[in-house]
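Novice: Below is the sequence, then the predicted model.
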Amino acid sequence: MAFPRPGSSYQPCDTFFVESADDVHHRIDPKEQAKLIARERQYAIADQLSTLAKEEYLDDCLSHMLEMDGSTLPDVESIDIQTEIQWFMRPYLLDFLIEAHAAFQLQPSTLFLTINLLDRYCSKRVVYKRHYQLVGCSALLIAAKYGDKKEHVPTIRELKSMCCSLYDEDMFLQMEWHVLQTLGWTIGHPTVDSFLNIALVDKPYDPEVEHLALYILEISLFHREFVSRPSADLAKAALALSRCILNRRQPHHTEWASEYDSATLVGLSQQLHQPSQVLYRKYSSGHYSRISKLLEQFLAHQAAIASGTYAPPSPPTEIPVESKPYAGEVGLATPQKPCGNQPHGYLTPPITPENEGFNNGVPGPNATKTASNMCPASPTPPPTISFSDTQMYDAESVYSHCQQSPQPSHMDFTVAY
């Protein structure tokens, strides 16, 4: 049971507990204030040094990354001669690694480095089918230790649980050591997202372009033709393709990202129609701008245009009010009598009623006795009246004269018609 709270006569005051800026400034410890000023100064100096270093060392860093990229690529032909590992098994392992990568909230570069370590190991060692998932988990563990924060690195117990206890904990340690020894402890590999960051470093932030490029690059991990392709070529082609899909402006020809391989771009565009469902769900979230759904709509639109079933919307044709049919609504339209074809372009004159009232007193064949009571036709001015006469025509006198005597009057009137 809720008890009523006692009432109070307290009235809030707008100026109560309000401190001025001078009061707050005097309450800050001088040492703390000095630390804040020094920290802001360090941030400003770091930004300035980063800009200077980028302009001075960007070319050297890029050339070193390209050299490392060429030396740490896997050999796809060596993977082809594996006895038990087949290419149709690759999507299942990649789906598992993508879900594990998302579960541990690892960096995007960790996923690309994981696949690079996996392919490089499979290029040099014979891998049995029962150990394929173990090699993938060990590569994920090495990549997470290399580039992620310590609190995000998965433990061996967590990896064992994700593999449904199929492997013992000692097997993870042995496989991790064997992978490192096989690769000569050379882990560093410039991933595609690092080249993507270089291409977008001086551009305004566009999340859709970046997310779509990452989505295209992760789709390329599933296909054999992109395993031995350099990361720089994949990054530039994926960025150009994403800008084309989203109708964004392409970079200037003097920029590094403008020189992409057209064959790589066409190859990427041909693999967008049937992505992995795990990857589709990953990029359908709001964190990735729902870019997978946007790409699906774009592909459906392009398919409709190619098949000829798509028709651009046309503005509705407005029917003139005169030609609209009468649908029976009272007060909305007036029924119109349909007109036939005009022989010479002139309307057919109406039929004059045959009576004395409308026939200038001449009885017609069907005239009745009541016709004499009708109003006679309008009088015609006598032909003897002058048109230039300034005197106005008296209709009443002529009208009464016509009623009394049918004989024409002798007035000067010049026919001017």
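Specialist: Alright, I've got the coordinates.
Novice: can you list contacts of stretch 128-142?
Specialist: 84-85, 89, 93, 96-97, 100-101, 110, 114-115, 117-118, 121-122, 127, 153-154, 156, 159, 162-163, 166-167, 171-172, 175-176, 179-180, 187 (CB atoms under 8 Å, 6 or more residues apart in numbering). (Glycine included, C-beta is placed from N, CA and C.)
Novice: Need the buried ones from those selected in PyMOL.
Specialist: Applied in PyMOL, the following selects the buried portion of the contacts of stretch 128-142 according to 16 or more other CB atoms under 10 Å:
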select buried, resi 85+93+96+97+100+101+110+114+115+117+118+121+122+127+153+154+156+159+162+163+167+171+172+175+176+179+180+187
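Novice: out of the contacts of stretch 128-142, which are inside helices?
Specialist: Taking DSSP state H, the ones among those that sit in helices are 93, 96-97, 100-101, 110, 114-115, 117-118, 121-122, 156, 159, 162, 171-172, 175-176, 179-180.
Novice: What is the neighbour count of His273?
Specialist: Residues contacting His273 under the criterion other CB atoms under 10 Å number 10.
Novice: Glu218 now?
Specialist: Glu218 has 23 nearby residues by other CB under 10 Å.
Novice: cool, and Ala34?
Specialist: 11.
Novice: Can you say which helix or strand has it in it?
Specialist: helix 30-71 (DSSP states H and E).
Novice: For the next helix or strand along the chain from that helix, list the C-alpha coordinates in PDB.
Specialist: Next in sequence after helix 30-71, counting helices and strands by DSSP H and E, comes helix 76-80. Output of helix 76-80 as PDB, limited to C-alpha atoms (Å, rounded to 0.1, in the frame of the first residue of the first chain):
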ATOM      1  CA  VAL A  76      45.800 -20.300 -54.100                       C
ATOM      2  CA  GLU A  77      47.300 -23.000 -56.200                       C
ATOM      3  CA  SER A  78      48.900 -24.700 -53.200                       C
ATOM      4  CA  ILE A  79      45.400 -24.700 -51.500                       C
ATOM      5  CA  ASP A  80      44.000 -26.400 -54.600                       C
END
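Novice: mean confidence for helix 76-80?
Specialist: The average pLDDT within helix 76-80 is 89.
Novice: just checking, what packs against that helix?
Specialist: Packing contacts for helix 76-80, counted by 3 or more CB pairs under 8 Å, 6 or more residues apart in numbering; DSSP states H and E, involve helix 108-124.
Novice: Is it correct that Leu66 is in contact with Ala235?
Specialist: No. Look at Leu66 against Ala235 with CB atoms under 8 Å: they stay out of range, at 11.4 Å.
Novice: Can you list the low-confidence ranges for the stretch 151-300 of the chain?
Specialist: The stretch 151-300 of the chain contains residues with pLDDT under 70 at 254.
Novice: go with 50
Specialist: The stretch 151-300 of the chain contains no residues with pLDDT under 50.
Novice: Helices of that one, residue ranges please.
Specialist: Under the criterion DSSP state H, counting those that start in this stretch, the stretch 151-300 of the chain carries helices at the ranges 156-162, 169-182, 192-199, 207-220, 231-245, 262-269, 277-282, 291-307.
Novice: give me the number of residues near Leu279?
Specialist: Leu279 has 20 nearby residues by other CB under 10 Å.
Novice: Name the nearest residue to it, sequence neighbours excluded.
Specialist: Glu218 (5.8 Å; CB to CB, 6 or more residues apart in numbering).
Novice: returning to that earlier point: nearest to Leu58, out of the helices of the stretch 151-300 of the chain?
Specialist: Counting by CB to CB, Leu58 lies closest to helix 192-199 out of the helices of the stretch 151-300 of the chain; the figure is 7.7 Å.
Novice: So which elements touch the closest one?
Specialist: By 3+ CB pairs under 8 Å, 6+ apart, helix 192-199 packs against helix 30-71, helix 108-124, helix 207-220, helix 231-245.
Novice: Of all those, which one comes closest to Tyr280?
Specialist: Once those are compared by CB to CB, helix 207-220 is nearest, at 9.0 Å.
Novice: where in the stretch 301-417 of the chain is pLDDT low?
Specialist: Using pLDDT under 50, the flagged stretches of the stretch 301-417 of the chain are 321, 326, 328-332, 342-343, 345-350, 352, 357-361, 367-375, 377, 387-417.
Novice: any idea of the pLDDT on Asp14?
Specialist: Value listed for Asp14 in the pLDDT field: 52.
Novice: and if you look at Pro30?
Specialist: On the pLDDT scale, Pro30 gets 83.
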